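I'll drop the sequence and a predicted model, then ask my questions.
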Amino acid sequence: MRAWSNALLFALALSGVPSEAAEPTAGDPLDSVMWEYNRQIFLADQPYRFDERVLVELPPFAEDPTQVPLTVDASALAGRIERVIAWADLNPIQQIFNWYPAAGSRARLSLRFKVQQATPVRAAVLTQDGVWHVGSGFVDAAGGGCTAPSMANSDPYWESHLGEIAGRRFQAGSASRYRFKVIHPMDTGLVNNIPEFFLQQLELRDGQGSVLSRMELFPPVSENPVFTFDLEGTEGPHRLWLRDNGGNEFERTL
Amino acid sequence: MLHSHFSRIFKAFALLILMLPGQSWAAPLSYDLKPQLIAEDTYLLQGRLEDFSRGNGGNIVNTAFIVTRDGVVVFDTGPSFRYGKAMRQAIAQVTDQPVLHVFNSHHHPDHFLGNQAFADGTIWALPDTGRLMAEQGGAFSDNMYRLVGDWMRATEMQLPNRPLQVDRLQVGEHRLRFFPMTGHTGADLVMLDETTGVLFAGDMVFYQRALTTPQTPGLAVWLRDLDAIAAIPHRLLVPGHGPAVPDGSAIGQMGDYLRWLDLTLRSAAERGMSMTELMKIPFDARFAEVALRRHEFIRTVAHLYPRYEEAVFQKQ
Ligand SMILES: [Zn+2]
């Protein structure tokens, strides 16, 4: 296995924790020492349970730690999904996104993100009854995805193409699948005094401008990110709108 | 479930290591290379059909040598200084002729980090291979230390000292012919010994072990090169990884796999599949015997799928 040694270090780190049998990892299927810490940050005291119906799909290892594919699929949960939070336990910046899925559409989303080392990845899904359903995945990695300079820093391509959106609609039964790529360096602020510069908001709107689905994005989302959404109903045209933390806005009809 | 299972395995493994006495790490590491006579004067040191590990020390690669009446010709030098030294001992078991010429097929670490043991000979490589080694060899070498550990001790990168710009060379009674190609890494040497008919394909051909794609200029380029390899008359083909074959089965399997990969990636992009969906798709039954196919397919999707996506996104 690639990056086996890191998986091992990760396991060692887990085993080395003295209070392992106590509270911190209680109930966590991945026994991560970071579980309790992150739960408090993201879910606070709200009710939650680990739920295998929330799928966190990852490759077993990160071939490129700056572009790790992730699919979160909560469509097996019944009823309206209010919100989805995704984070990587052992990243220096843990949160990947906050997502408010479109009503009536399949709650499934794919994108690519950065990992700093082998890490559990979580998706917490809030259902209408106020309970968070937590799905987990694990990706092995050699590391460096968050502290490696983005390719953009050696290549000024993005400066003249910032916010360019290329993508396509795919018909999948009664649903439309949108896949698109946005040119953006997604700098984390953790590298060589390059300030953080990243896409912060994303909205999918209908023809009248009403927001169907929106996301808050965080710097671990990969450079030049590629997103995949499924929207029920084919009445379009849908519009995509994004804004970065520099106040730049980007918009396109899909 | 799968993941909790993983983490339990990791923990069990970690515990096992903690319980081992430190001395057990110092057990002698030996590659135990056994030269296999595959044609007149020609020996193959066949690596395992595995990925790099602390168990195999990186010996997952084929190296070979030809004993001519003037001296020895070496094709690839293995993953470490330790391997290079073991290879020299293996050569010395067969002949007391000096090593005259060393050829590095390409700049991947398992093929040239043994160069240090051959620093007294002429080490040839394609000019672009030498450049790529200088650019990426340090990172490759660091990665190898991480993956195989102590086997790498004292290994330092020894660059080739002679750019290969001829297409023929006679060494003793052996007439060597060189074919520069690009499909695997952008600079890939294929060498034919016209005297024996043995074709040393380097990593342009993998057999029974899934091919790797981190530096390929593209599957179409590789397929074109593969046609050129098939057109070179030969009696025995030595792939970079996997057993040597007297017939077209290795080239056939490579071609089938490359075409399947290209078609699979293209149709996935056209259907709008995400990377995680694509990484899970079932394999064609033709490749059921190919070692590490899922592992390398996941890597290949990471390397190449963005290009296929891009082509579809740009097509309005
Ligand atoms: Zn190679």
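Thanks, I have the structure now. Everything quoted here is computed from the prediction, not taken from an experiment. Residues are numbered from 1 along each chain as shown, chains lettered A, B, ... in the order given.

Now whichever residue of the stretch 101-250 of chain B sits closest to chain A: which helix or strand?
Here the stretch 101-250 of chain B gets closest to chain A at one residue, residue B:146, 5.6 Å apart by C-beta to the nearest C-beta. Yep, even glycine has a C-beta here, placed from its N, CA and C like the rest. Under the criterion DSSP states H and E, the helix or strand holding residue B:146 is helix B:127-148.

which stretches of the stretch 51-200 of chain A aren't confidently modelled?
Low-confidence segments of the stretch 51-200 of chain A (pLDDT under 70): A:143-156.

residues from it in reach of chain B?
Within reach of chain B by C-beta under 8 Å from any C-beta of the partner chain, the stretch 51-200 of chain A has these residues: A:52, A:57-61, A:63-64, A:67, A:69-71, A:110, A:112, A:120, A:136-138, A:142, A:166-168, A:170, A:172, A:177, A:179-181.

Among those residues, name the ones in strands.
Of these, the ones assigned to strands by DSSP state E are A:57, A:69-71, A:110, A:112, A:120, A:136-138, A:166-168, A:170, A:172, A:177, A:179-181.

Buried subset of those residues as a PyMOL selection?
Only the buried entries of these go into this PyMOL selection, using 16 or more other C-beta atoms under 10 Å in any protein chain shown:
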select buried, chain A and resi 57+69+70+71+110+112+120+136+137+138+166+167+168+170+177+179+180+181
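
tell me the contacts of the residue nearest in space to the middle of chain A?
Centroid-nearest residue in chain A: residue A:96, 4.1 Å away (criterion: C-alpha atoms, centre = their mean). Counting by C-beta atoms under 8 Å, 6 or more residues apart in numbering or on different chains, residue A:96 touches A:70, A:86-88, A:111, A:113, A:121, A:217-218, A:220-221.

one more time with 7 Å
Residues near residue A:96 by C-beta atoms under 7 Å, 6 or more residues apart in numbering or on different chains: A:86-88, A:113, A:218, A:220-221.

ok, then the element right after the helix or strand of chain B with the lowest mean pLDDT?
Every helix and strand in chain B was compared by mean pLDDT, DSSP states H and E; the lowest is helix B:2-19, with a mean of 43. Beyond helix B:2-19 on the C-terminal side, the first helix or strand identified by DSSP H and E is strand B:36-39.

Now do the residue nearest to residue B:29 when sequence neighbours are not counted, the pLDDT please.
Distance criterion C-beta to C-beta, 6 or more residues apart in numbering or on different chains; nearest residue to residue B:29, sequence neighbours excluded, is residue B:151 at 5.3 Å. In this model, residue B:151 is scored at 95, pLDDT.

burial of residue B:151, as a residue count?
25 (other C-beta atoms under 10 Å in any protein chain shown).

Wait, it touches residue B:55, no?
No. In this structure, residue B:151 is not within contact of residue B:55 by C-beta atoms under 7 Å, at 9.8 Å.

can you pull the buried residues of stretch B:247-259?
Using 16+ other C-beta under 10 Å as the test for burial, stretch B:247-259 gives B:250-251, B:253-255, B:257-258.

no wait, stretch B:110-129
Going by neighbour count (16+ other C-beta under 10 Å), the buried part of stretch B:110-129 is B:110-118, B:121, B:123-126, B:128-129.

can you give me the helices in chain A?
Taking DSSP state H as the test, the helices found in chain A are A:4-15, A:35-42, A:157-161.

Off-centre distance for the shortest one?
Distance, stretch centre to chain centre, for helix A:157-161: 24 Å (C-alpha atoms, centre = their mean, to the nearest Å).
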